[in-house]
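[1] Sequence plus predicted model, see below.
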Amino acid sequence: MLLRRFIIALAFVSTIATSSMSANLKDIYRPSDQIISDQTYPQIIQKHDYATIKAIEALYSEINKIGKGVIRCETDKKSIILRQTGDSPHEVVIGVLDNGPITIRNHSYGSRNTVVLFTTLRRVLADLSSKQKCAGIQADKYSTRAYKKITILAFDFGQNIVELNSLSNGPKDEERLYTLDIVSRKDSFFWGKL
């Protein structure tokens with residue numbers, strides 16, 4: 001148990017400890033249930049329900065099916081559209097209604113936390129896209145000794161990177177976590193300096 005907590009701390013230490021993003025920027029997007037006086041998490045959202053982790057993992061699977069190449073992101077009032085550019089373009093449309101459910105391909109996710117996460121993600125992506133077009137999306141999934149599934153999705157907005165992460169051992173293991181955050185490029189999983 002202690003080893004797992006240590007690994008969680010290591011996995012997010014750059015995001016938590018060294019992020020140069022302004023807290024005010026994150027506060028704009030932070031849902032009211034994530035504001036807990038002085039103990040607010042440094043990320044926009046940090047929770048641990050398995051239903052939302054399933055939705056994040058499903059999104060990763062759909063991104064992975066798109067194939068290789070640059071994947072761009074667009075938003076409208078009801079969706080997030082991830083589109084591969086190139087000779088045979090493919091896309092994934094995530095239906096994001098304010099009152100739910102969230103749809104990813106043929107699957108529907110109606111839990112309140114999932115709806116809050118994806119509506120917040122849509123809002124963050126829309127706002128950042130109004131200032132700078134999303135240059136691309138990176139996604140990875142891997143396992144460690146502590147977690148069977150670590151999923152990382154990152155949306156590139158130049159110096160700002162939107163990261164959606166989940167760590168899980170499946171539905172029966174209570175030790176799990178997901179976060180939505182804006183980090184500086186140098187602190188990001190994919191573009192940060194090693």
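    Good, I have the coordinates.
[2] is it true that residue 147 touches residue 166?
    No. Applying Cβ atoms under 8 Å, one finds residue 147 not in contact with residue 166, separated by 9.2 Å. Placement of C-beta: from N, CA and C, glycine included.
[3] Name the residue in those two with the higher neighbour count.
    More crowded of residue 147 and residue 166, by other Cβ atoms under 10 Å: residue 166, with 26 against 22.
[4] tell me which element that one is part of?
    strand 160-168 (DSSP states H and E).
[5] strands paired with that strand, and their directions?
    Strand 160-168 has the following sheet partners, assigned by DSSP bridges: strand 149-157 (antiparallel), strand 177-184 (antiparallel).
[6] Just want the most central residue of the protein.
    residue 164 (1.5 Å; Cα atoms, centre = their mean).
[7] my guess is that one meets residue 153, correct?
    Yes. Using Cβ under 8 Å, residue 164 makes contact with residue 153 at a distance of 4.4 Å.
[8] what sits in contact with each of the two?
    Residues touching both residue 164 and residue 153 (Cβ atoms under 8 Å, 6 or more residues apart in numbering): 56, 59.
[9] Can you give me the pLDDT of residue 75?
    Residue 75 is assigned 95 on the pLDDT scale.
[10] Excluding chain neighbours, what is closest to it?
    Nearest in space to residue 75, with sequence neighbours left out and distances taken as Cβ to Cβ, 6 or more residues apart in numbering, is residue 126 at 4.3 Å.
[11] The one you found sits in which helix or strand?
    Here residue 126, judged by DSSP H and E, is contained in helix 112-131.
[12] This completes my enquiry, with thanks.
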